[in-house]
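J.: Predicted model, plus sequence, below.
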Amino acid sequence: MSALKPAGAPIPDHAGTPVSADAMSVLELRDVSKVYGSGDTAVAAVSNATTALYPGQMVALLGPSGSGKSSLLLMAGLLEAPTSGSVLLRGQLANGPGASIADPRAFRRQHIGFVFQKPNLIPFLSAAENVQLALEINDVPADQAQRRIHELLSYLEVDHRSDNLPNKLSGGEQQRVAVARAMANQPPLLLADEPTAALDSKRGRQVMSLFKQVARDLGAAVLVVTHDHRSLDLFDRILQMDDGHLSERAVTSMLNASATA
Ligand SMILES: Nc1ncnc2c1ncn2[C@@H]1O[C@H](COP(=O)(O)OP(=O)(O)OP(=O)(O)O)[C@@H](O)[C@H]1O
Ligand SMILES: [Mg+2]
């Protein structure tokens, strides 16, 4: 399966530290802050967040409601500009003076996949056509696109539903199509904001397992905001947001805590 072969990128052996010095981060946040509004009504959603994600890593982002998780993800995905600090994607500076990503929109389209809580599929397009749209936007030739669509939908075990409209699919199937769409251009960075919140625990775990597969098979870095501690065993790293402050958690202690919860 050509489109799904491993990227062969160096995979870090533990949190944030690449195996070799030349392993390039997929995403790097340097002292990133986000303040919404100004004056008395200003909200500091993210304060001086610093971290880096490397190819093949599956990373969870936990934290209470309102702690700044979505804000962090939006900045990582170039959907919101930071108030201060730097966002780097594959070593290229995305914001501020000296930014080397000239067209963030085009960069996002080609290099970043998003999955949200709701699948947000286009209701009058079939499952396959929803994925096709993402490829057409990037000018992938039609025959290549068709091959990739079916490869992806089979990989996600939803190929048998490819001609169905979204409202004929179950919630889990719709979310799989949304994952296929996000992966269509084989982005090195996949960002997901509570992608399993609308699913039961079995379907939720299936979707999380898919992300794990994507990280492992394609060498993508995957960052998932989640409240579901039952799938934490699938993650290589766990980041935590508390009142806008980002920190790294030890995976083992989190697993022990959720096992005894
Ligand atoms: N566009 C916005 N304008 C003003 N304030 C905002 C905006 N987006 C988020 N906020 C505020 O920033 C803070 C962080 O919000 P954010 O959505 O990032 O949190 P979250 O951790 O994703 O929460 P949840 O788990 O509920 O989704 C909150 O106080 C929120 O009210
Ligand atoms: Mg949120």
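T.: Noted; the coordinates are in hand. Numbers count the residues shown, from 1 in each chain. Ligands and ions are numbered 1, 2, ... in the order given.
J.: residues in contact with the worst-scoring helix or strand of the chain on mean pLDDT?
T.: Across the helices and strands of the chain, mean confidence by mean pLDDT, DSSP states H and E is lowest for helix 251-260: a mean of 70. Residues outside helix 251-260 that contact it (C-beta atoms under 8 Å, 6 or more residues apart in numbering): 229-230, 232-233, 235-238. For glycine as for every other residue, the C-beta is placed from the backbone atoms N, C-alpha and C.
J.: Out of these, give me the one that has the most neighbours.
T.: Counting neighbours by other C-beta atoms under 10 Å, residue 235 leads the contacts of helix 251-260 with 24 neighbours.
J.: Contact partners for it?
T.: Residue 235 makes contact with 58-60, 212, 224, 251 under the criterion C-beta under 8 Å, 6+ apart.
J.: Inside helices: which ones of those?
T.: Within the contacts of residue 235, residues falling in helices by DSSP state H are 212, 251.
J.: rewinding a little: how far away from the center of its chain is the least confident helix or strand of the chain?
T.: Helix 251-260 sits 23 Å away from the centroid of its parent chain (C-alpha atoms, centre = their mean, to the nearest Å).
J.: Check which residues of it are buried.
T.: Buried residues in helix 251-260, defined by neighbour count with 16 or more other C-beta atoms under 10 Å: 251, 254.
J.: Run a quick neighbour tally on residue 85.
T.: 19.
J.: swap in residue 171?
T.: 15.
J.: Export stretch 187-194 to PDB, keeping only CA atoms.
T.: Coordinates of each C-alpha in stretch 187-194 appear next as PDB, following Å, rounded to 0.1, in the frame of the first residue of the first chain:
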ATOM      1  CA  PRO A 187      -0.200  15.300   6.800                       C
ATOM      2  CA  PRO A 188       2.800  15.000   9.100                       C
ATOM      3  CA  LEU A 189       0.700  16.600  11.800                       C
ATOM      4  CA  LEU A 190      -2.800  15.500  12.900                       C
ATOM      5  CA  LEU A 191      -4.700  17.600  15.400                       C
ATOM      6  CA  ALA A 192      -7.900  16.300  17.100                       C
ATOM      7  CA  ASP A 193     -10.100  18.100  19.500                       C
ATOM      8  CA  GLU A 194     -12.200  15.700  21.600                       C
END
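J.: residues touching the residue of the stretch 101-250 of the chain found nearest ligand 1, list them.
T.: When scored by C-beta to the nearest ligand atom, the stretch 101-250 of the chain has residue 241 as its residue closest to ligand 1, at 6.0 Å. The contact partners of residue 241, taken as C-beta under 8 Å, 6+ apart, are 46, 61-64, 67-69, 72.
J.: What about ligand 1: which of those touch it?
T.: Counting by C-beta under 6 Å from any ligand atom, 63, 67-69 from those sit close to ligand 1.
J.: Go through those and flag which are in helices.
T.: Among those, the members falling in helices (DSSP H) are residue 69.
J.: Among the ones next to ligand 1 among the contacts of residue 241, which pair sits farthest apart?
T.: 63 and 68 (7.2 Å; C-beta to C-beta).
J.: Compare the two (neighbour count), which wins?
T.: More crowded of residue 63 and residue 68, by other C-beta under 10 Å: residue 68, with 25 against 21.
J.: List the contacts of the more buried one.
T.: 34, 45-47, 241, 243-244.
J.: How about residue 173?
T.: Here residue 173 is in contact with 127, 158, 161 (C-beta under 8 Å, 6+ apart).
J.: In these, which residue is surrounded by the most others?
T.: Of all the contacts of residue 173, residue 127 has the most neighbours under the rule other C-beta under 10 Å, reaching 29 neighbours.
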